[in-house]
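Peer 1: return atomic coordinates for the entry below.
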Amino acid sequence: MAYTSIRPGQEWKDTSGNRIQAHGGSILHLGGTFYWYGENKERTTPGSGIWHWGIRCYSSTDLYNWTDEGLIIPPVVEDPTSPLHPAQMVDRPHIIHDRRTGRFVCWLKIMGEGELQTTTVLVADRLLGPYEIVATGVRPLGMNAGDFDLVVSPDDSKGYYYFERVHSELICADLTEDYTGTTGHYSTHFPRHRPPEVREAPAHFTRDGVHYLITSGTTAYFPNRSEIASAETYHGPWTVLGDPHPGDPTGTSFRSQVSSVFRHPGKKDLYIALADRWLPHLSAELSQQAPDLFRRLFAGEPADPGHPLAAVEENTSMADYVWLPFRFEGRTPVLDWHDEWRVEDYL
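Peer 2: Okay, the predicted model is just below:
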C-alpha cells in the first residue's frame, strides 16, 4: 500500500511491505531525496542476545513511502570484539555530510557495562557506504559519552557534539574540522544529581536564530517527560522552557523519546520531531511509574523483582515511530498529538 500521510504510533512499513527499522533515527536531504537512517532492530527479540543488526537506511521523495536501501553499516558477525558485533550495544547513529569534501562521517554510541560508554567513528565517500572505522573505543574529552547529537553550523560549517556525560550532565563540544574528533573546547549544561533527572537523547535545532535542545530523562526504554531549552548560541547558556508535550497529561512524551529534529527544506516553517515508541505495548499508566523506579534504583535501593515494570518484555524489534510537527507559541516550540497529519498542510 502507498501512504498519503504520517500516522504517529502506528505500524509503518517500507515499499516492500516490511516493518521499517531505523530507530534512534535521523534524516538527511540530498539531491531532492530524503534519507532516513537508524538502528536496525529486526532481530532484537527477547532472549536473542542481539542488540542491533547494523544501521539501515531508507529513501523517499515524500516522507511517507520509504524504500529500503539496505544496511549501510552491516553488523560484524564473526568478530565478538568488534564494536559492530550484534551483541555490542550500538545506539543512535548520527551522520554528518561534509559539504567541503563530500565525505560522510558517522558517529556511533557503544554502550558498555555500567557507566562505561564509548564512541566509534566511521567515514564513507557515499551516504550508503561502504563505511570504514577510523576510531573506536573513544572516550571524548576523557568522558563516558552517552546519547548524543551532531550539529553543523550552516554559517561556517563548524561542527558541535552534544552528548550526555553519563549519569551527570550534558556537554557541548567543538568538533575538529574533519568532524572525526573533538578539539578540547567544551561547555557543560543541565547538571543533575542522578537518573532519572539526568538529561539524555539531546536533539538540537535552530529557528529564527534561536537554538533549541530537546532532551529526555534517563529511564532506559521506558518513556518519560521531555524537556526543551533555548539559547542564543550553540554553547548556551540554556533556558529551560518546560515540557514540549504539554498536551500529554501522562508526562510520557506521548509514550515516546525524541531522537532528532528535521527541518523540511521545502517548507517555510515545518520542523518534525522524530521519536521512537520503544515499547508500544506498554501502557501510559505503567510508563508513569518508570521515573520513580529509576530514582530509587540510583539512590541505592535494591531492585524489586516484583515491580510490574520488571516483568515488561522489551521487544524493540516491534518498536514504532511517533513523528510530530512543531507549532510555535512565540519562541516556544510545542508538540501536539495528531492521529494523522500531512506535509502538504504546511506552507
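Peer 1: state the distance from Gln10 to Glu200.
Peer 2: According to Cβ to Cβ, to the nearest Å, Gln10 and Glu200 sit 26 Å apart. To be clear about C-beta, it is placed using only N, CA and C from the backbone, and glycine gets the same treatment.
Peer 1: per-residue confidence averaged over the top helix by length along the chain?
Peer 2: The residue-count maximum for a helix in the chain (DSSP state H) belongs to helix 290-298. Averaging pLDDT along helix 290-298 yields 96.
Peer 1: look up the closest residue to Lys267, ignoring the ones flanking it.
Peer 2: Spatially, and ignoring its direct neighbours in sequence, Lys267 is nearest to Tyr346 (4.9 Å; Cβ to Cβ, 6 or more residues apart in numbering).
Peer 1: ok, that neighbour - contacts?
Peer 2: Residues in contact with Tyr346, defined by Cβ atoms under 8 Å, 6 or more residues apart in numbering, are His264, Lys267, Lys268, Asp269, Leu270, Pro325.
Peer 1: next, it: phi, psi?
Peer 2: phi -110, psi 140 (degrees, to the nearest 10).
Peer 1: my guess is Cys106 meets Val121, correct?
Peer 2: Yes: at 7.1 Å, Cys106 counts as touching Val121 under the criterion of Cβ atoms under 8 Å.
Peer 1: more neighbours: these two, which one.
Peer 2: Comparing Cys106 with Val121 by other Cβ atoms under 10 Å, the one with more neighbours is Cys106, at 25 against 19.
Peer 1: what bridges to the more buried one?
Peer 2: Note on Cys106: beta-bridge partners Ile95, Leu122, judged by DSSP bridges.
Peer 1: could you do the one 5 residues further on as well?
Peer 2: According to DSSP bridges, Met89, Gln117 are recorded as the beta-bridge partners of Met111.
Peer 1: centroid-wise, who is the farthest residue in the protein?
Peer 2: Most distant from the centre of the chain: Gly306, at 30.8 Å, with distances by Cα atoms, centre = their mean.
Peer 1: what's the ChimeraX line that selects buried ones from the contacts of Tyr346?
Peer 2: Filtering the contacts of Tyr346 down to the buried ones (16 or more other Cβ atoms under 10 Å) takes a single ChimeraX command:
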select :264,270,325
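Peer 1: nearest to Asp243 among the contacts of Tyr346?
Peer 2: Proximity of the contacts of Tyr346 to Asp243 (Cβ to Cβ) peaks at Pro325, which lies at 17.0 Å.
Peer 1: touching, that closest one and Leu270? I think so.
Peer 2: Yes: in this structure, Pro325 is within contact of Leu270 by Cβ under 8 Å, at 6.0 Å.
Peer 1: can you give me the strands for the stretch 51-200 of the chain?
Peer 2: Here the stretch 51-200 of the chain has its strands, by DSSP state E, counting those that start in this stretch, at 55-60, 67-73, 89-97, 104-111, 117-124, 132-138, 145-152, 159-165, 169-175, 182-189, 200-207.
Peer 1: out of these, which is closest to Ser48?
Peer 2: strand 89-97 (13.4 Å).
Peer 1: distance from the closest one to the middle of the chain?
Peer 2: 8 Å (Cα atoms, centre = their mean, to the nearest Å).
Peer 1: try stretch 253-273
Peer 2: Relative to the centre of its chain, stretch 253-273 is centred 12 Å away, using Cα atoms, centre = their mean.
Peer 1: cool, stretch 122-133 as well?
Peer 2: Distance, centroid of stretch 122-133 to centroid of chain: 20 Å (Cα atoms, centre = their mean).
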